[in-house]
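Participant: sequence unknown, structure follows:
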């Protein structure tokens, strides 16, 4: 009687513990999906800004070329400074978009892996419940059959309990270890990215002058 009560308590607690771990793993999985959505949205924003920067740079370069054609060296220099700043901004947004794309890839792979692991956990829970039910049915069957040797009965119950407990703990431990060991589930630190050197406005102006000179030579060549 005492042994059966203790085992019933153990079965109930073990099952509840496994169910709790599954709920925690599922909550982490749902949080991962939200993280993926946020990273994808951030990537889209960075790529949109990159496109806008490219258009602005093209407009500024056209204005600088026009100033050089008109002999406005000072104006071309001022525009070149703006182009240099836009160049730095463009490169920064390109790097940010690339970092977002890499993070999204890692999160997506982690979610795919953890979806499979959650399936294993749920199957393990179903197996543990079925094993516990079979164990209880076996004990009731032995009791109803009136087995006289109480020592043998207790030994068989103990053996079945050990098997069920080991099976539950093994299924749970193996699956949870893989979930917790997955480095992609850990909150990544903010990626600083490589240091971006500043663009020299003078180099921009020199490049535009060279383009103008080349354009002028081409136009005068018979």
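Facilitator: The structure has been received and is ready for your questions. The model shown is predicted, which means the values in this text are computed figures rather than measured ones.
Participant: could you pull up the mean pLDDT of the strand or helix carrying residue 129?
Facilitator: Element membership for residue 129, per DSSP states H and E: helix 73-145. Taken as a whole, helix 73-145 has a mean pLDDT of 85.
Participant: ok, now stretch 42-55?
Facilitator: 94.
Participant: so what touches it?
Facilitator: 86, 89-90, 93-94, 96-97, 100-101, 104 (Cβ atoms under 8 Å, 6 or more residues apart in numbering). Quick note: C-beta positions are derived from backbone N, CA and C, even for glycine.
Participant: buried subset of those as a PyMOL selection?
Facilitator: Burial among the contacts of stretch 42-55 is assessed by 16 or more other Cβ atoms under 10 Å; the matching PyMOL selection reads:
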select buried, resi 86+89+90+93+94+96+97+100+104
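Participant: tell me the secondary structure of residue 199, please.
Facilitator: coil (DSSP: H, G, I helix; E, B strand; the rest coil).
Participant: quick one, phi psi at it?
Facilitator: Phi and psi for residue 199, reported as degrees, to the nearest 10, are phi -80, psi 130.
Participant: and it, what does it touch?
Facilitator: 83-85, 87-88.
Participant: need those residues in a markdown table (columns: distance to residue 30 and neighbour count).
Facilitator: Output for these, formatted as a markdown table (distance: Cβ to Cβ, whole Å; neighbours: other Cβ atoms under 10 Å):
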| residue | distance to residue 30 | neighbour count |
| --- | --- | --- |
| 83 | 46 | 23 |
| 84 | 45 | 20 |
| 85 | 42 | 16 |
| 87 | 41 | 20 |
| 88 | 39 | 15 |
